[in-house]
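> quick check, what structure comes out for this input:
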Amino acid sequence: MLLEILTPERKLYTGEVYGIQLPGVDGSFEVLDRHAPLIAALGKGKMKVLKDKSHADHYSIEGGFVEVLNNKATVLVEGATAQ
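Model (predicted):
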């Protein structure tokens, strides 16, 4: 799945990933390769980018939205820092 993480200032990440774990406003959830279309609001918390089954990157986000469509996830966040 193609992932793009965007902030108002810049593109934070673009690349192929296995999945992502996100802090939704009603609790955490995970989006994996070939996920059904989805739009969800994100809360403040930790986002985990699963590059493959054994490697992950971690980000702290300030809230925003995620859209999943045609095996592409776009994460729009107010702010994010790599951990």
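
> and P23, what is it in contact with?
L42, G43, K44, G45, K46, M47, I61 (C-beta atoms under 8 Å, 6 or more residues apart in numbering). C-beta here means a position set from N, CA and C on the backbone, and glycine is covered the same way.

> from D57, how far off is it?
15 Å (C-beta to C-beta, to the nearest Å).

> out of the contacts of P23, list just those in strands.
Under the assignment DSSP state E, the contacts of P23 contribute L42, G43, K44, G45, K46, M47, I61 to strands.

> reformat these as TSV; add neighbour count, pLDDT and distance to Y18.
As requested, the ones in strands among the contacts of P23 are exported to TSV (neighbours: other C-beta atoms under 10 Å; pLDDT from 0 to 100; distance: C-beta to C-beta, whole Å):
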residue	neighbour count	pLDDT	distance to Y18
L42	21	98	19
G43	15	97	23
K44	14	96	24
G45	17	97	20
K46	13	97	17
M47	22	97	14
I61	22	95	19
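
> dump these to a markdown table, plus distance to V17.
Compiled in a markdown table, the ones in strands among the contacts of P23 are given as follows (distance: C-beta to C-beta, whole Å):
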| residue | distance to V17 |
| --- | --- |
| L42 | 16 |
| G43 | 21 |
| K44 | 22 |
| G45 | 18 |
| K46 | 16 |
| M47 | 11 |
| I61 | 16 |
